[in-house]
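K.L.:
I'll drop the sequence and a predicted model, then ask my questions.
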Amino acid sequence: MAEDGELRRISERVVRVVAADVGLRGDAEDACQAAWADFLGRPHTVHDPSRPGAWLTTVARRHAIRAVVRRARSAQVEAAAAPAGVPQSPEAAALDHDVATALWRTVDTLPDRHRRLVWLLAHRPDLSVREVAAELGISPTSVGKVRSRCLAVLRYRLTAQGYTYP
């Protein structure tokens, strides 16, 4: 393939590109290493072997995003396990209000279908997939994909604003 110096430059470039996204900055180096492991383990998946940097960057970004999502899910589980009924301090209440405001302000920037989906998820959690699909005017099989994309964009935008999520 390439010499050691070139591989180092490719890695540094991949880390810089991934770290340029504020929400992924902390995971850039680990994601780069994971991308190299994928590259070495499955070289046949590289579409253009003459440009490994582009492939590595894409794969590293995906690894970093997955790491952020895993941490968020883990934090959600921990938060759900926290004791209920404990009174919240005024500071914590103010912080929760700030986060909720940022969330809904960010939801307002989403495309119409995504805004409506978030509203339905928040205010009508009892709806079935078929009912959500009917509300959005899409097929029931598309609801999962639209939901996944919508929440990924929402997470990305909130993380870019400096907010973390449980």
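P.N.:
Received it, and whenever you're ready, just let me know what you need.

K.L.:
please make it C-alpha for all contacts and neighbour counts, starting now.
P.N.:
Fine.

K.L.:
give me the buried positions along stretch 55-75.
P.N.:
Neighbour counts over stretch 55-75 (16 or more other Cα atoms under 10 Å) mark 55-57, 59-65, 67-69, 72 as buried.

K.L.:
biggest helix in the protein by residues?
P.N.:
helix 52-81 (DSSP state H).

K.L.:
helix or strand right after that one?
P.N.:
helix 90-107 (DSSP states H and E).

K.L.:
name the surrounding residues that touch that following helix.
P.N.:
Contact partners of helix 90-107, identified using Cα atoms under 8 Å, 6 or more residues apart in numbering, comprise H114, R115, V118, L154, R157, L158, Y163.

K.L.:
for P52, see how far away the nearest residue to the second one once chain neighbours are set aside is.
P.N.:
Just to be clear, that refers to R115. Excluding the flanking residues, the one nearest R115 by Cα to Cα, 6 or more residues apart in numbering is V107, at 5.8 Å. To P52, V107 is 36 Å away according to Cα to Cα, to the nearest Å.

K.L.:
more neighbours: the two, which one.
P.N.:
V107 (23 against 17; other Cα atoms under 10 Å).

K.L.:
can I get the CA coordinates of the helix or strand hosting R155 in CSV?
P.N.:
In this structure, R155 sits in helix 140-160 according to DSSP H and E. C-alpha atoms of helix 140-160 as CSV (Å, rounded to 0.1, in the frame of the first residue of the first chain):
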residue,chain,number,x,y,z
PRO,A,140,-45.8,2.0,7.9
THR,A,141,-42.5,0.4,6.8
SER,A,142,-41.0,3.9,6.4
VAL,A,143,-41.7,5.1,9.9
GLY,A,144,-38.6,3.4,11.4
LYS,A,145,-36.3,4.8,8.8
VAL,A,146,-37.7,8.3,9.1
ARG,A,147,-37.6,8.1,12.9
SER,A,148,-34.0,7.0,12.9
ARG,A,149,-32.9,9.7,10.5
CYS,A,150,-34.9,12.4,12.3
LEU,A,151,-33.5,11.5,15.7
ALA,A,152,-29.9,11.2,14.4
VAL,A,153,-30.2,14.7,12.9
LEU,A,154,-31.7,16.0,16.1
ARG,A,155,-28.9,14.4,18.2
TYR,A,156,-26.2,15.8,15.9
ARG,A,157,-27.6,19.3,16.0
LEU,A,158,-28.0,19.3,19.8
THR,A,159,-24.5,17.9,20.3
ALA,A,160,-23.1,20.5,17.9
